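# With the sequence up front, the predicted model follows.
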Amino acid sequence: MLFVVNAGSSSLKFRLYSDALEELASGIVERIGLPKPFLSVSEKKKKITKNFSAIPSHAEALKEVLSALVRKDIAIRDIRIFGHRVVH
């Protein structure tokens, strides 16, 4: 699998692809370090949103994303490639 993230100043967008480059899941963590953060995950036309009292950092946001994928029965150990979009 391929896992790609795009970290903004207060957000973390992600997409997960199969080895055949079929999109398996996508989503966003919004309002990192701000009041009322939330995580939204889409998977095959199903969308869930989870609100949090706090997500203080991008590291914590990534932990929540990976936890959400595990809850959807996605094996994190099967991720072979990790990409990060960087804007300079």
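Structure's in. What do you need? Residues are numbered from 1 along each chain as shown.

# For Pro35, grab phi and psi.
Taking degrees, to the nearest 10, you get phi -70, psi 150 for the backbone angles of Pro35.

# For it, give me the pLDDT.
We have a pLDDT of 97 for Pro35.

# Quickly note the distance from it to Ile55.
Per Cβ to Cβ, to the nearest Å, Pro35 is found 10 Å from Ile55. Every residue, glycine included, has its C-beta placed from N, CA and C.

# same check, this time on Glu22
For Glu22, the distance to Ile55 - Cβ to Cβ - is 29 Å.

# quick one, which of those two is more surrounded?
Ile55 (24 against 9; other Cβ atoms under 10 Å).

# If we ignore the residues flanking it in sequence, what's nearest that one?
Pro37 (4.1 Å; Cβ to Cβ, 6 or more residues apart in numbering).

# Next: Ser18.
Leu24 (5.6 Å).

# how deep is the one you found tucked in, by neighbour count?
16.

# Check the offset of the host helix or strand of it from the chain's centre.
In the assignment (DSSP states H and E), Leu24 maps to strand 23-30. Relative to its chain's centre, strand 23-30 lies at 5 Å (Cα atoms, centre = their mean, to the nearest Å).

# Now tell me what touches that strand from outside.
By Cβ atoms under 8 Å, 6 or more residues apart in numbering, the surrounding residues in contact with strand 23-30 are 1, 10-18, 37-43, 55, 61, 64-65, 68-69, 72, 74.

# mind listing what that strand pairs with, with the direction of each?
Strand 23-30 pairs in its sheet with strand 11-17 (antiparallel), strand 38-43 (antiparallel), by DSSP bridges.

# Which element, helix or strand, includes Thr49?
Assigned by DSSP H and E, Thr49 belongs to strand 46-51.
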